[in-house]
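Q: just to be clear, the model below is a prediction. Sequence and coordinates:
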There are 2 protein chains.
Amino acid sequence: MTKGRHAELVHQLERQIITGELKPGSRLDEMALAKQFNVSRTPVREALMQLNASGLIQLRPRRGAVVAKIDLKAMLEMFEVMSELEGMCGRLAAKRASDNELEKLKNVHSKSQIAVDTHDLELYYELNVELHETIYLACRNDFLVQQTTTLRNRLAAYRRGQLLSGNRINQSYAEHGKIIEAITNRDEKLANELLRSHIMMQSGTFNDFIATLPKDLLE
Amino acid sequence: MTKGRHAELVHQLERQIITGELKPGSRLDEMALAKQFNVSRTPVREALMQLNASGLIQLRPRRGAVVAKIDLKAMLEMFEVMSELEGMCGRLAAKRASDNELEKLKNVHSKSQIAVDTHDLELYYELNVELHETIYLACRNDFLVQQTTTLRNRLAAYRRGQLLSGNRINQSYAEHGKIIEAITNRDEKLANELLRSHIMMQSGTFNDFIATLPKDLLE
DNA sequence: TCAACTAATATTGTATACAAAAATAGATAT
DNA sequence: ATATCTATTTTTGTATACAATATTAGTTGA
């Protein structure tokens, strides 16, 4: 713990919020957290300040902190921005990906084929993450990747419900194929468009997505 | 000060950094700030934590806080993302602007014509801000606007040098005209492209921009 | 039984105190 | 004169103490 207690707290709380261990709306009691992590309230509060600024929690004056609840309007707006950012990753990847990276995209996609055939949802999920992270690397813009990741994390709690159903996997796989093709062909516009709609559609239609949201997650 | 001392501190320091009163690299002494604002170190530190999370300052463990210095690579990346976000604002404005908003865009642009003719840089700057803010409103995505504004603010200190020269004003005015036309025609793709390159070009070419940067602002 | 007021309790926000690490200055040696 | 080591001083990070506000519980009255 050479980098300070509050930094560690930020990290831990972030993780708990992103993984859903702490659900939107949960109260974050300073005393409780202090006891839990064996520190005083001071570093706890400093951690909460940072999480507040990054949007993961909401800090209401004199009324304590809660894990951020996102209302429907804000959520749609955030999805809109995230899909644009992911599209941008695709566009830049089409422009800048190395041959190595193109090769890796193909390889991961091939493995996905197996996961699809064997209906291995777990494996497909992992390969899906790997594919998107390869695109992140290929876009050569660390700031963009960081912004995209931050936003993904803020929305993570709300995307938990949308598990990949069998049908959606087939569609996802097909979309991946076209995305990789566009990137390989250095077709920036197409890669942009395909990735943008891929992200938007990852949760099926918005209507489906909204329907699957537990009501208590909406404020 | 019913919303807490630290909130006020965040606001004040943000302002000082954005306006350039506090320059990148300036050290932020906790004691000094505490004295300056007549508070203890506690709310000062809490404010610094938030500014750190938002990227305006950098907090090195055990070595204090400084106004964020952005290296060239990160700056280029941030400009790339900002222009994409502004382009997105244009795209959404083309899709969603009300007739009122279209009317306002035309009006502001007309006034700009006068500023160009009379070489009134001050007036042109103000109208430029008004035009872009009208587009922000028209895109109907508060989250997007907030993200864009935050990024603008982070880059503000580095855009100070690039004043609008006479020649650039003419070009800017012409670009505005095409952007408004695209939005009015509901041409999303064109509005996107035009605004994206408009932002990228706002600082002349990147070479010019980099050349005008004081060396001490780069880390 | 329920509503409204009041007292007790708990929680947040700020100030102060103290421990640990870094920066600074001074002394010594080459 | 310069460099290096040591002692002093600052400055950061955390804990604790206290004041102000919000929450809760209990009581009274209808």
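A: That came through fine.

Q: and the spatially most central residue of chain A, what's its pLDDT?
A: For chain A, the residue lying nearest the average C-alpha position, counting by CA atoms, centre = their mean, turns out to be residue A:152 (2.6 Å). Listed pLDDT for residue A:152 reads 94.

Q: which residues touch residue A:198?
A: Shown in contact with residue A:198 (CB atoms under 8 Å, 6 or more residues apart in numbering or on different chains): A:86, A:172, A:175, A:176, A:179. For the C-beta atoms, the positions are set from N, CA and C on the backbone; glycine is no exception.

Q: how close does it sit to residue A:88?
A: Distance check for residue A:198 against residue A:88: by CB to CB, to the nearest Å, it reads 13 Å.

Q: how close does whichever residue of chain A sits closest to DNA strand C get to residue A:45?
A: Closest to DNA strand C within chain A is residue A:64: 3.3 Å, counting by CB to the nearest atom of the strand. Residue A:64 sits 11 Å away from residue A:45, going by CB to CB.

Q: could you measure from the nearest residue to residue A:123 once chain neighbours are set aside over to residue B:63?
A: Leaving aside its chain neighbours, residue A:123 sits nearest to residue A:115 (4.2 Å; criterion: CB to CB, 6 or more residues apart in numbering or on different chains). Counting by CB to CB, the gap from residue A:115 to residue B:63 is 47 Å.

Q: contacting residues around the residue nearest to residue A:123?
A: A:121, A:123, A:124, A:127, A:169 are the contacts of residue A:115 under CB under 8 Å, 6+ apart.

Q: most neighbours, which of these?
A: residue A:127 (23 neighbours; other CB atoms under 10 Å in any protein chain shown).

Q: helices of chain A, start to end?
A: In chain A, the helices defined using DSSP state H lie at A:5-19, A:30-37, A:41-54, A:72-96, A:99-117, A:121-138, A:142-159, A:166-184, A:188-201, A:206-211.

Q: least trustworthy helix or strand in chain A by mean pLDDT?
A: When each helix and strand of chain A is scored by mean pLDDT, DSSP states H and E, helix A:206-211 comes last, with a mean of 69.

Q: neighbours around residue A:117, how many?
A: A count of nearby residues for residue A:117, using other CB under 10 Å, gives 9.

Q: again, but for residue A:9
A: 23.

Q: do residue A:38 as well
A: Residue A:38: 7 neighbours (other CB under 10 Å).

Q: what sits against it?
A: No residues are in contact with residue A:38 under the rule CB under 8 Å, 6+ apart.

Q: quick one: the residue of chain A closest to DNA strand C from chain B, how far?
A: According to CB to the nearest CB, to the nearest Å, residue A:64 stands 13 Å off from chain B.

Q: that residue touches residue A:27, doesn't it?
A: Yes. With contact defined as CB atoms under 8 Å, residue A:64 counts as touching residue A:27 (6.2 Å).

Q: which of those two has more neighbours?
A: More neighbours surround residue A:64 than the other of residue A:64 and residue A:27, with 14 against 11 (other CB under 10 Å).

Q: quick one, what contacts that one?
A: Listed by CB under 8 Å, 6+ apart, the contact partners of residue A:64 are A:27, A:28, A:29, A:30.

Q: out of those residues, which end up buried?
A: Those of those that meet the buried threshold are A:28, A:30, by 16 or more other CB atoms under 10 Å in any protein chain shown.

Q: now tabulate the contacts of residue A:64 in JSON lines and tack on distance to DNA strand C and pLDDT.
A: Shown next, in JSON lines, are the contacts of residue A:64 (distance: CB to the nearest atom of the strand, whole Å; pLDDT from 0 to 100):
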{"residue": "A:27", "distance to DNA strand C": "7", "pLDDT": "97"}
{"residue": "A:28", "distance to DNA strand C": "7", "pLDDT": "98"}
{"residue": "A:29", "distance to DNA strand C": "5", "pLDDT": "98"}
{"residue": "A:30", "distance to DNA strand C": "4", "pLDDT": "98"}
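
Q: from the contacts of residue A:64, which two are the most distant?
A: Farthest-apart pair in the contacts of residue A:64 is A:27 and A:30; separation 10.2 Å (CB to CB).

Q: identify the contacts common to these two.
A: With CB under 8 Å, 6+ apart as the test, residue A:27 and residue A:30 both reach A:64, A:65.

Q: now do the phi/psi pair for the residue of chain A most remote from its centre.
A: The outermost residue of chain A relative to its centre, with distances by CA atoms, centre = their mean, is residue A:40 at 31.7 Å. Note on residue A:40: backbone dihedrals following degrees, to the nearest 10 are phi -90, psi 180.

Q: now it. Nearest residue, chain neighbours left out?
A: residue A:34 (5.8 Å).

Q: ok, now residue A:12?
A: residue A:37 (7.3 Å).

Q: and for residue A:3?
A: residue B:61 (4.8 Å).

Q: what's the neighbour count on that neighbour?
A: Neighbours of residue B:61 under the rule other CB under 10 Å: 10.

Q: that one reaches residue A:4, doesn't it?
A: Yes. Residue B:61 sits in contact with residue A:4 when judged by CB under 8 Å, with a separation of 5.4 Å.

Q: okay, now the unreliable bits of chain A?
A: Residues of chain A meeting the criterion pLDDT under 70: A:1-2, A:163-164, A:203-205, A:207-208, A:211, A:218-219.

Q: quick check: residues of it near DNA strand C?
A: A:29, A:30, A:31, A:41, A:42, A:45, A:59, A:61, A:62, A:63, A:64, A:65 (CB under 7 Å from any atom of the strand).

Q: redo those residues as a markdown table? Include distance to residue B:70.
A: Shown next, in a markdown table, are the residues of chain A next to DNA strand C (distance: CB to CB, whole Å):
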| residue | distance to residue B:70 |
| --- | --- |
| A:29 | 37 |
| A:30 | 34 |
| A:31 | 38 |
| A:41 | 34 |
| A:42 | 30 |
| A:45 | 28 |
| A:59 | 27 |
| A:61 | 32 |
| A:62 | 36 |
| A:63 | 36 |
| A:64 | 35 |
| A:65 | 30 |
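
Q: tell me which two in those residues are the farthest apart.
A: A:42 and A:63 (19.7 Å).

Q: could you dump the helices of chain A to TSV with distance to DNA strand D?
A: As requested, the helices of chain A are exported to TSV (distance: least, CB to the nearest atom of the strand, whole Å):
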stretch	distance to DNA strand D
helix A:5-19	3
helix A:30-37	7
helix A:41-54	4
helix A:72-96	23
helix A:99-117	38
helix A:121-138	30
helix A:142-159	22
helix A:166-184	42
helix A:188-201	37
helix A:206-211	29
